[in-house]
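Visitor: Requesting a structural model of the entry that follows:
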Amino acid sequence: MGSYDPYENVKSVMEQAMTIGKIDRAMFEIIKNPQRETKVYLPVEMDSGEIRVFEGWRVQHSNIRGPFKGGVRYHQDCNLNEIRALAAWMTLKCAVVNIPYGGAKGGVRVDPATLSERELCRLTRRYTYAIEPLIGSDKDIPAPDVNTNAQIMAWMLDTYSMLNGRHCPGVVTGKPVELSGSRGRTSATGRGVVISAKLILEKYGRTLAGATVAIQGFGNVGGNAARIFHHQDARVVAVSDISGGIRKADGLDIDALSLYIEKGGKLTEWNEPGAERVSCQDVLTCKCDALVPAALENEINEQNADALQCRFVIEGANGPTTVEADAILERRGIVLAPDVFANSGGVIVSYFEWVQNVQEFSWDRDRVKLMLEDIMTQAFAILMEESEKSGCSLRMAAYIVALRRLLYAEKIKGLFP
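Guide: Predicted structure coming up:
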């Protein structure tokens, strides 16, 4: 468990996809490796007057199909190989859903819960200053990720705009709507997870209404997915966050639970008739139609994959399932919607936000939702076709589709100089 390397994981799956998809390897070494890796040291004055230096990164994996694009996460366990893997996944994700972006990722090794708001602001501005030469609306566009949000993006936008002497809304996505953000962006990744579940269930003759769902992670992705599942008449039977989980066989009252948490309540202290407290592992292995891992990497692994009691896995997080677990799930007939498709709603609506910024125009929420569903439905049809043609899992099909698009772009552009 401790030796899990997400970057080796993504490279291993790419290698398999190249073989299964019978793809020409001439340009593969370019896609396997990031184009640029930047490490930054961030001195920040704490409220006490003490100076602390934080480590940060920005990895730019590929811009062959458009500007680099990818989130920034704040986490105490952040490391370079994790950021490399996330950047590569973003490249693949954008190619899978066929939007004109490449992949990047940023991170700072910090537990943001230990910082005051003023300290968090100073850290964000320092990080933005450090990576400012790399980013821009036509170069590299950051966005929120684990432990970052619209407020962090507002600080990044302001810092970059001050350094450039003008308002530059296209430099980040996931901004507040009042600062040229897009309606529907906050819930977009969770909405994409629900769209993925709906498409998979329909493919197997099921409907979302009445389906049982368990969700590991109750942050932006898991929390929004839970609410949307609930409003589309699915039964959310279990949810968890870092503190533990709760389970209720006939479905939790997700609206009431969400309101309770928004007001500062703790998930494990939620009282609802018929609900029981369980561990995070219990949520992963509870009986349900669809399991949504929406926390961090390496959550479904060879230790617990045999214990899953679901029919479908819809990956809300990036890299939640290891290569070894993939093989176990496939052997057991559990159908998995891979992260590079299932959680692409965030980057798709980030693309919409960026387009609106470039056009200096704003779309309404209903248009954003319809366009998101349209792009994901088209992408799903292509993945199913590839999966059936190559006799492979949906993850392998997604990687084959993405790599073909990326390597074709590399080939027709050629090498410079």
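
Visitor: Would you state the helices of the protein in chain order?
Guide: Under the criterion DSSP state H, the chain contains helices at 6-20, 28-32, 80-96, 117-131, 150-164, 188-203, 220-231, 254-262, 280-285, 323-331, 339-342, 345-359, 365-390, 394-413.

Visitor: ok, so what distance separates the residue nearest to Ser387 when sequence neighbours are not counted from Phe341?
Guide: Leaving aside its chain neighbours, Ser387 sits nearest to Ala397 (3.9 Å; criterion: C-beta to C-beta, 6 or more residues apart in numbering). C-beta: built from backbone N, CA, C; applies to glycine. In this view, Ala397 and Phe341 are 9 Å apart by C-beta to C-beta, to the nearest Å.

Visitor: any shared contact partners between the two?
Guide: Leu383 (C-beta atoms under 8 Å, 6 or more residues apart in numbering).

Visitor: So between those two, which is more surrounded?
Guide: Between Ala397 and Phe341, Phe341 has the larger neighbour count (other C-beta atoms under 10 Å), namely 29 against 26.

Visitor: ok now do the more buried one, which residues does it touch?
Guide: Phe341 makes contacts with 93, 96-97, 196, 376, 379-380, 383, 394, 398, as judged by C-beta under 8 Å, 6+ apart.

Visitor: still on that earlier bit, which of the helices of the chain sits closest to Arg109?
Guide: In terms of C-beta to C-beta, the element of the helices of the chain nearest to Arg109 is helix 80-96, at 10.0 Å.

Visitor: how far away is the residue nearest to Leu308 when sequence neighbours are not counted from Gly333?
Guide: Closest residue to Leu308 apart from its sequence neighbours, by C-beta to C-beta, 6+ apart: Thr285 at 5.8 Å. Plainly put, Thr285 is 17 Å away from Gly333 if you go by C-beta to C-beta.

Visitor: So the two - more neighbours on which side?
Guide: Thr285 (20 against 7).

Visitor: so the more buried one touches Gln309, yeah?
Guide: Yes: if you go by C-beta atoms under 8 Å, Thr285 and Gln309 touch, sitting 6.1 Å apart.

Visitor: any shared contact partners between the two?
Guide: In contact with both Thr285 and Gln309: no residue, using C-beta under 8 Å, 6+ apart.

Visitor: Show the contacting residues for Gly210.
Guide: 233-235.

Visitor: Need the phi and psi values for it.
Guide: Main-chain torsions, Gly210, degrees, to the nearest 10: phi 90, psi -10.

Visitor: What are the buried residues along the top strand by length along the chain?
Guide: Counting by DSSP state E, the longest strand found in the chain is strand 51-62. The neighbour-count check on strand 51-62 (16 or more other C-beta atoms under 10 Å) flags 54, 56-62 as buried.
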